[in-house]
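Student: Starting from these lines, generate the structure:
(chains A and B)
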Protein chains: 2
Amino acid sequence: MNTETELPKVGHYGFLAEPFHCDFQNRLFVGHLGNHMLNAADYHSNDRGYGMHYLNTINKTWVLSRLSIELDSLPMAYDRFYVETWVEGAMRFFTSRDFKIGADDGTTYGYGRSVWAMIDTETRQPTDILKVNDGLISHYVDRSYPCPIAGTTRVPVSIADTEKVRSIDTYYNDVDVNGHINSVKYIEHVLDLWNLDWYRQYRLHRFDIAYVAEAHQGDRLNLYVRDCGTDTAAHPGDMASGGEKHYNVVITKTPAGGGKDVEVVRSSVFFVKV
Amino acid sequence: MNTETELPKVGHYGFLAEPFHCDFQNRLFVGHLGNHMLNAADYHSNDRGYGMHYLNTINKTWVLSRLSIELDSLPMAYDRFYVETWVEGAMRFFTSRDFKIGADDGTTYGYGRSVWAMIDTETRQPTDILKVNDGLISHYVDRSYPCPIAGTTRVPVSIADTEKVRSIDTYYNDVDVNGHINSVKYIEHVLDLWNLDWYRQYRLHRFDIAYVAEAHQGDRLNLYVRDCGTDTAAHPGDMASGGEKHYNVVITKTPAGGGKDVEVVRSSVFFVKV
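Tutor: Coordinates of the predicted model:
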């Protein structure tokens, strides 16, 4: 075990809401916030010896399985904010990692939860997280730091209950360093299902996304939506009034090389009146 | 004139090539590099009293008219790099701003040139740059700092000589704080015209883009390309061997509300063999 780096369990990373990463209302795009959360996770795990830098040397990699973000507000253009992240639990095949998004003036913008698997890059099979670096990750688990939002959930949706609303082709800029469509692009595609008029009236309160399979450049993404109506049961007590507008989204890919459509992403989106 | 801030004429801004801003070959996406250049321009002009922060208070804004980037190489994931920027010339209706992209170890990745207009946000008409803040910008002009690349050029292309290759719809995430399609999105759309196989064989050497008109959410963008063949005349002496692959691209918009197609962007792209 590597004991030379006695870093705190919770990592704290500062960011700036760049002006061109903000929407027409001057608020940081949630996709860019998601990118900062993934960066924080990357820096945190690299600094502690179980990140991609080390995993690349043993032909293993982290794969994001689920991400949930719950927001009271968003940083505005030029705001400095932080993302804190820590490992809440490490099991053989899944690690849960939590996030807090805040600012030094005491503002808490929101929280996040995520689930990650580790795979062997050659066999693409799950690998035992606790065997990596003699179970080093277990020494950094923090179950006490608060993350007061509901856990990541399976999105209960059947494609039969949805309506196909859009298809999107994938290109060079969509592909990340692993050769797959970048996780953040799906967040953007889901949130692009609503237009500026909608975002003048509603803000995103919660966003859940499950990454089911990977897509590659040239695959066509197909977006299916179900309007779940006004839903107060999913997150009781959260809403001041009027409940949430709840939608489920399924994304499939039509492979570039031909073949049957395959489900790649499921997402739940909850909006509240501004 | 505001003399309290005696800042150097050349601004120097540090950035990190974030892992999820890098392509499948671990190189910083040129779109993200462009975003950092626009950030540097924004910070530089704000710090010196003629940026958006001040202009917003007098109902004026900068509008990017042309941008050229010439690259020898690109930062790789996790590399720290800098963008330097300075005003090379300020005339009544146009300002020219240059860029250098480098690293502290002495690496020079490349250079950029840009042309900006200032407009009145209410009338959308050009405004006299030299009358803003008593011509403050003139005190920061630096004609001596080297920018050894060709100037921004008018892209000489008629749409009649091109082939329409793609149409792309615009959504919420494409719109910037001014309510227009973000300048960087066009860079990405142009570079998305080539696929991963192409980028395994060629790298971008030079990119010129002229912003002719603005597009809005819901407009459909139409991309037209002309293969200009292997061209050594445009930048003689730059290429070690084999010349450059040269393409011209025109983007038009089909307005969301109907009406005739309008040209919004012209671009020239030069690739070299890797």
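Student: so the residue nearest to A:Gly218 when sequence neighbours are not counted, which of the three states?
Tutor: By the measure of Cβ to Cβ, 6 or more residues apart in numbering or on different chains, the closest residue to A:Gly218 outside its immediate chain neighbours is A:Ala256, 3.1 Å from it. Yep, even glycine has a C-beta here, placed from its N, CA and C like the rest. What DSSP: H, G, I helix; E, B strand; the rest coil gives for A:Ala256 is coil.
Student: ok, A:Ala256 to A:Arg220 distance?
Tutor: Relative to A:Arg220, A:Ala256 is positioned 8 Å away (criterion: Cβ to Cβ, to the nearest Å).
Student: next one: A:Leu38
Tutor: A:Leu38 is 25 Å from A:Arg220, by Cβ to Cβ.
Student: for A:Ala160, same thing?
Tutor: Taking Cβ to Cβ as the measure, A:Ala160 falls 20 Å from A:Arg220.
Student: Those two: who's more crowded?
Tutor: A side-by-side neighbour count of A:Ala160 and A:Arg220, using other Cβ atoms under 10 Å in any protein chain shown, places A:Arg220 first with 15 against 7.
Student: Can you name the residues of the stretch 51-200 of chain A that neighbour chain B?
Tutor: For the stretch 51-200 of chain A, the contact set with chain B under Cβ under 8 Å from any Cβ of the partner chain comprises A:52, A:77, A:171-173, A:175-179, A:182-184, A:188, A:191-192, A:194-196, A:199.
Student: these two touch, right, the residue nearest to A:Gly218 and A:Ile181?
Tutor: No - look at A:Ala256 against A:Ile181 with Cβ atoms under 8 Å: they stay out of range, at 11.4 Å.
Student: Give me the common contacts of these two.
Tutor: A shared contact of A:Ala256 and A:Ile181, defined by Cβ atoms under 8 Å, 6 or more residues apart in numbering or on different chains, is any residue touching both; here these are A:216-217, A:219.
Student: circling back to that earlier point, buried among the residues of the stretch 51-200 of chain A next to chain B? Need that as a selection in PyMOL.
Tutor: Here is the PyMOL selection string for the buried members of these, based on 16 or more other Cβ atoms under 10 Å in any protein chain shown:
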select buried, chain A and resi 52+77+171+172+173+175+176+177+182+183+184+188+191+192+194+196+199
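Student: returning to that earlier point: with neighbour numbers in mind, choose between A:Ala256 and A:Ile181.
Tutor: Ranked by neighbour count (other Cβ under 10 Å), A:Ala256 and A:Ile181 place A:Ile181 first, with 25 against 15.
Student: who's that one bridged to?
Tutor: Beta-bridge pairing of A:Ile181 under DSSP bridges involves A:Val175.
Student: The strand or helix carrying A:Arg226 and chain B, any residue contact?
Tutor: For A:Arg226, the enclosing helix or strand under DSSP states H and E is strand A:220-231. No - residues of strand A:220-231 contacting chain B under Cβ under 8 Å from any Cβ: none, with a closest distance of 11.2 Å.
Student: Same check on stretch A:23-33?
Tutor: Yes - using Cβ under 8 Å from any Cβ, stretch A:23-33 comes into contact with chain B via A:23-24, A:26, A:29, A:31.
Student: Other residues contacting that stretch?
Tutor: Residues from elsewhere that reach stretch A:23-33, judged by Cβ under 8 Å, 6+ apart: A:17-18, A:21-22, A:69, A:71, A:74-77, A:79, A:81, A:101, A:184-185, A:187-188, A:191, A:196, A:199-200, A:204, A:207, B:172-173, B:175-179.
Student: what comes up buried for stretch A:96-116?
Tutor: Buried-residue list, stretch A:96-116, by 16+ other Cβ under 10 Å: A:96-102, A:109-116.
Student: Now do the end-to-end distance for it.
Tutor: Between the opening and closing residues of stretch A:96-116 lies a distance of 6 Å (Cα to Cα, to the nearest Å).
Student: And stretch A:16-32, by the same measure?
Tutor: Criterion Cα to Cα; first-to-last residue distance in stretch A:16-32 is 11 Å.
Student: Stretch A:16-31 now?
Tutor: One end of stretch A:16-31 sits 14 Å from the other (Cα to Cα).
Student: Tell me how far that stretch lies from the chain's centre.
Tutor: Relative to the centre of its chain, stretch A:16-31 is centred 17 Å away, using Cα atoms, centre = their mean, to the nearest Å.
Student: in it, what counts as buried?
Tutor: By neighbour count on 16+ other Cβ under 10 Å, the buried set for stretch A:16-31 is A:16-25, A:27-31.
Student: Please name the bridge partners of the residue nearest the centre of chain A.
Tutor: Here the mean C-alpha position of chain A is nearest to the C-alpha of A:Leu67 (Cα atoms, centre = their mean), at a distance of 3.5 Å. Taking DSSP bridges, one finds A:Ser114, A:Ile209 as the beta-bridge partners of A:Leu67.
Student: measure it to A:Leu33 for me?
Tutor: Per Cβ to Cβ, A:Leu67 is found 11 Å from A:Leu33.
Student: Perfect, I'm done here.
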